[in-house]
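Asks: I'll drop the sequence and a predicted model, then ask my questions.
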Amino acid sequence: MSVEIRDGLIHWIGPASQWQGSRPTVQIVDGRARTLIPGLMDCHVHYSSPGGPDWIARFSDPLPEISMRAIELAEASLRSGVTTARDMGAPQGVSIKLAHMARAGEINAPNIRAAGTWIAHRGTYVSFARHFGEAHELRDAIRMEIEKGAEMIKVALSGWNEGARPKDAAEIPFSEKLLSVAVEEAHRAGFKIACHANDPASCRRGARAGVDSLEHGMFLEQGDLEAMANNNTCLVPTMSVWDAMLYYAHAVDWPEARKKRAEDLKQGSRAAVIGAVRAGVQIALGTDAGGGAARHGRIAREAELMVECGLEPRDALIAATLSASKLIGEDERGTIEEGKIADLV
Ligand SMILES: [Zn+2]
């Protein structure tokens with residue numbers, strides 16, 4: 001098969017023998033013995049952090065350092081075949097500026113869609129998220145992110161931080177009601193909403209909320225996955241998280257409790273992905289590079305982990321292209337079809 005590209009678009013696809021164009025006017029790239037695929041899409045990265053064993057601390061580095069580093073990490077990602085990426089949370093809107101620079105062609109980077117800053121309930125999640133307590137503060141936080149240029153909303157469900165739980169407070173303070181407020185507010189503004197859920201109770205809640213994607217979901221059970229299939233909620237499994245943790249658990253010699261956490265994530269995550277396939281949940285590939293121990297530029301590893309869970313190699317590729325393009329809203333990319341953007345690797 002041959003592909004003709006004109007003005008950045010796929011103009012024609014077919015056997016070379018049937019091509020009608022004139023040779024002197026085109027530049028020929030001989031791709032024999034190679035495979036042409038749509039540009040890969042990583043639905044979950046954080047270019048503001050390099051990943052590694054102390055990834056959370058890296059988000060608190062000085063802002064100029066974070067900003068400069070993000071440019072390099074985005075380029076590493078591009079070199080690995082990622083031509084579109086969703087940046088799922090960065091301190092102080094760093095990712096929004098990065099996305100603008102990428103779009104303006106000022107840096108060598110994928111096409112970036114930035115979520116801005118994480119939104120989480122007060123007393124939970126990371127200190128550099130945008131926190132709220134009441135529903136009106138949650139609405140304000142979402143509006144603020146949109147105003148600052150976020151292209152999607154990222155909320156994080158999680159339990160209380162150590163010592164933060166008030167007496168008689170619920171296990172997960174980001175209640176069902178608050179989550180429905182977030183979904184309504186994002187959708188009313190025409191934005192998609194992604195939900196971080198990585199403990200059993202958060203997975204239960206996130207799966208039933210009607211969010212567009214559930215991120216990580218390493219403790220999703222069959223009932224949750226059925227709810228996701230019914231709600232058209234896409235799963236972004238980010239298995240590279242535990243895969244990288246297990247590497248550091250041995251390389252850096254982590255304490256037993258931390259090793260066990262990585263092992264638990266692996267078991268839960270693999271079961272969730274296998275169950276998601278069975279339940280017919282849409283799966284989009286995301287690595288969480290930077291947001292966990294996983295490094296940038298290693299998207300192929302995530303696809304391998306999917307195949308290890310029983311996905312056909314072609315389905316892992318679809319998760320990184322067509323399914324990802326649907327989640328991100330990139331209708332002009334993700335497949336090799338006449339008329340689409342020639343976003344190919
Ligand atoms: Zn993340």
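Replies: Looks like it arrived, so ask away. Numbering: from 1, shown residues only.
Asks: every contact and neighbour count from this point should use C-alpha atoms.
Replies: Noted.
Asks: what about the helices in the stretch 201-345 of the chain?
Replies: Secondary structure of the stretch 201-345 of the chain (DSSP state H, counting those that start in this stretch): helices at 222-231, 240-248, 256-279, 299-308, 313-319, 322-328.
Asks: any chance of those helices in JSON lines with distance to the ion and mean pLDDT as columns?
Replies: Output for the helices of the stretch 201-345 of the chain, formatted as JSON lines (distance: least, CA to the ion, whole Å; pLDDT from 0 to 100):
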{"stretch": "helix 222-231", "distance to the ion": "20", "mean pLDDT": "98"}
{"stretch": "helix 240-248", "distance to the ion": "9", "mean pLDDT": "96"}
{"stretch": "helix 256-279", "distance to the ion": "15", "mean pLDDT": "96"}
{"stretch": "helix 299-308", "distance to the ion": "14", "mean pLDDT": "98"}
{"stretch": "helix 313-319", "distance to the ion": "18", "mean pLDDT": "98"}
{"stretch": "helix 322-328", "distance to the ion": "15", "mean pLDDT": "98"}
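Asks: sec struct for residue 194, please.
Replies: In three-state terms, and counting by DSSP: H, G, I helix; E, B strand; the rest coil, residue 194 is strand.
Asks: that one pairs with what?
Replies: For residue 194, the beta-bridge partners under DSSP bridges are residue 154, residue 213.
Asks: now the helices of the stretch 201-345 of the chain as CSV including mean neighbour count and distance to residue 161?
Replies: Formatted as CSV, the helices of the stretch 201-345 of the chain follow (neighbours: other CA atoms under 10 Å; distance: least, CA to CA, whole Å):
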stretch, mean neighbour count, distance to residue 161
helix 222-231, 20, 25
helix 240-248, 22, 21
helix 256-279, 18, 17
helix 299-308, 19, 29
helix 313-319, 20, 33
helix 322-328, 23, 31
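Asks: start to end distance for stretch 42-60?
Replies: Chord length of stretch 42-60, first to last residue, is 24 Å (CA to CA, to the nearest Å).
Asks: name the residues that touch the helix or strand of the chain with the lowest mean pLDDT?
Replies: Within the chain, no helix or strand scores below helix 55-58, which has a mean of 89 by mean pLDDT, DSSP states H and E. Residues outside helix 55-58 that contact it (CA atoms under 8 Å, 6 or more residues apart in numbering): 49, 50, 51, 290, 291, 292, 293.
Asks: tell me the helix or strand right after it.
Replies: helix 63-79 (DSSP states H and E).
Asks: what about residue 82, how many residues nearby?
Replies: For residue 82, the count of nearby residues is 28 (other CA atoms under 10 Å).
Asks: dump the residue contacts of the closest residue to it other than its chain neighbours.
Replies: Distance criterion CA to CA, 6 or more residues apart in numbering; nearest residue to residue 82, sequence neighbours excluded, is residue 40 at 4.6 Å. Counting by CA under 8 Å, 6+ apart, residue 40 touches 81, 82, 83, 84, 320, 321, 334, 345.
Asks: could you export the helices of the stretch 201-345 of the chain to TSV, including columns for distance to residue 88?
Replies: Supplementary listing: these in TSV, determined by distance: least, CA to CA, whole Å:
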stretch	distance to residue 88
helix 222-231	20
helix 240-248	14
helix 256-279	19
helix 299-308	16
helix 313-319	17
helix 322-328	12
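Asks: where in the stretch 101-250 of the chain is pLDDT low?
Replies: Judged by pLDDT under 70, the stretch 101-250 of the chain has no weakly predicted residues.
Asks: state the mean pLDDT of stretch 11-28.
Replies: Regarding stretch 11-28, the rounded mean pLDDT is 90.
Asks: return the distance of the closest residue to residue 49 other than its chain neighbours relative to the ion.
Replies: Leaving aside its sequence neighbours, residue 49 sits nearest to residue 290 (CA to CA, 6+ apart; 4.5 Å). Distance of residue 290 to the ion, given as CA to the ion, to the nearest Å: 7 Å.
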